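Q: Could you work out the structure for the sequence below:
(one chain, ligands or ions: 1)
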Amino acid sequence: MRIALGVTGGVAAYKAAELVRRLQQENFDVEVVMTRGAEQFVRPLTFAALTGHKVITGMFGETSGEPANVESAIEHIAVAQRIDLLLVAPATADVLAKLAAGIADDFLTTLYLATKAPVVVAPAMNVNMWEHAATRENVARLQARGAHVVEPEEGYLACGMTGAGRLASVDSILQTVREALKVRRDLAGETVLVTAGPTCEDIDPVRYLTNRSSGRMGYAVAEAAHERGASVILVTGPTALEIPPGVECVRARSAEDMSRAVGQHLDRATIVVMAAAVADYRPTQKHPQKVKRGAPSLALELEMTPDILSEIGARKDGRIVVGFAAETERLAEHARRKLSAKPVDLIVANDVTQRDAGFDVDTNVVTLLSRDGREKALPRMTKREVAEHIFDEVLRLKTTGKKAHGRAKAGQA
Ligand code: PMT
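A: This next block holds a predicted model:
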């Protein structure tokens, strides 16, 4: 998600650098817009280096060091359309007044009028300015229009006075940003181990058996878990995808490698999601040299690979395990059989013959089958949305599991 951070001219402007870092740690792509006043306190270069984006400093989209041009003159519209949230921190009394009045005399205030994205403002100023009736009215007007205001904290202020006016903590600002974007952190404290992608089973040094998995489903699961606050270990087969930021990556090529990697990291995991398309069979032997063309036919002998899900079952402890079932026929029947035969709490049944579902596409059509008998058929949606539904169901299973455990204990007492 993309956030425009408006930095205005107060002493607290230096704190915006830490704010940028923390937003990035939560996977937000941040671009910074500075007012003239802000430039008196912090150099645009600081934010350009932190964000990797040019910092907009002028009314007509001028960036630090570069004058306006035809494209930059309407940059406020482009920025307004591409952002998911506008955050103004620190917000001075002056900028609050301009936003409240709808004055658009610089890039930031123009952006405020041009964007339909949610707005969060974190004021910081002298205590008397904060308590002044004019500021109170401006804040109330912004709130009435839907802006989220992160109230300043009480404390010693840069002006030497003590009282309310100090920029709210980065944690409070982040919390409000998450709320405004409806980003949940309900997996905080969990460690999610996700498998993704295909495996490759070598025939000889140049050929291998594999499948059509692109890794998109598993990577979406890893990304969603990270954004909801979990620590994430992604065990991935060979894919062309970038590892989501903040996610620990363990690479595996074959089913054997993947089994080893999962085994090594399992103890840390509280939730396991097996989205990888692991080969069920591999050549019984790998030819040391390239197999030469010659014989009119060639038989390839295969043997079973390790069943990673069953291996996890032997060490399940209290963790929630999610398996996938990629099927081309009798989806419900096969998925239900996997649910009872495998040590899983939830099966994501995936009819890979459906349009825009299964392998190598951005969307999927799945049914979630839980161990407690609940079945939920989901319409076609992005793999990221499927991932969110999986975690909603995992959390429901965790809560109902805890309640049942509590009841059993009470019964024993
Ligand atoms: O990667 P994408 O292009 O986004 O495609 C997504 C997907 C189709 C790969 C994904 O949605 C999916 O269905 N993944 C599971 C594929 C699969 O191998 O299904 P299965 O029914 O063969 O296996 C059942 C479960 O056992 C799976 O959780 C699998 O990870 C696991 N398994 C399979 C074989 C094996 N040797 N060990 C296992 O643990």
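Q: so what's the backbone phi/psi at Ala314?
A: For Ala314, the backbone dihedrals (degrees, to the nearest 10) come out as phi -70, psi -20.
Q: Please name the spatially closest residue to it (chain neighbours excluded).
A: Closest residue to Ala314 apart from its sequence neighbours, by C-beta to C-beta, 6 or more residues apart in numbering: Pro343 at 7.9 Å. Yep, even glycine has a C-beta here, placed from its N, CA and C like the rest.
Q: What number of neighbouring residues does the one you found come out with?
A: Using other C-beta atoms under 10 Å, Pro343 is surrounded by 15 other residues.
Q: Could you say which helix or strand holds Ile3?
A: strand 2-7 (DSSP states H and E).
Q: Which neighbouring elements make contact with that strand?
A: Using 3 or more C-beta pairs under 8 Å, 6 or more residues apart in numbering; DSSP states H and E as the contact test, the elements touching strand 2-7 are helix 15-25, strand 29-34, strand 85-91, helix 107-114.
Q: Can you classify Ala357 as helix, strand or coil?
A: With DSSP: H, G, I helix; E, B strand; the rest coil as the basis, the three-state label of Ala357 is coil.
Q: I'd like to know how far it sits from the ligand.
A: According to C-beta to the nearest ligand atom, to the nearest Å, Ala357 stands 8 Å off from the ligand.
Q: One more: Asp94?
A: To the ligand, Asp94 is 50 Å away according to C-beta to the nearest ligand atom.
Q: can you count the residues close to that residue?
A: 19.
Q: thought Ile77 was touching Ala114?
A: Yes. Taking C-beta atoms under 8 Å as the definition, Ile77 is a contact partner of Ala114 at 5.7 Å.
Q: of these two, who's got more company?
A: Ala114 (18 against 14).
Q: tell me the pLDDT at the more buried one?
A: Ala114 carries a pLDDT value of 94.
Q: Name the nearest residue to it, ignoring sequence neighbours.
A: Of all residues not flanking Ala114 in the chain, Ala80 sits nearest, at 3.7 Å (C-beta to C-beta, 6+ apart).
Q: In contact with the one you found, which residues?
A: Neighbouring residues of Ala80 by C-beta atoms under 8 Å, 6 or more residues apart in numbering: 111, 114-117.
Q: Turn the buried ones among the residues you listed into a named ChimeraX selection, would you?
A: Entered in ChimeraX, the line below selects the buried ones among the contacts of Ala80, by 16 or more other C-beta atoms under 10 Å:
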select :111,114,115,117
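Q: Now for the contacts of Ala80: which two are most distant?
A: For the contacts of Ala80, the maximum inter-member distance is 11.4 Å, found between Leu111 and Lys116 (C-beta to C-beta).
Q: Would you format the contacts of Ala80 as TSV with distance to Ala240 included?
A: Formatted as TSV, the contacts of Ala80 follow (distance: C-beta to C-beta, whole Å):
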residue	distance to Ala240
Leu111	36
Ala114	37
Thr115	34
Lys116	34
Ala117	31
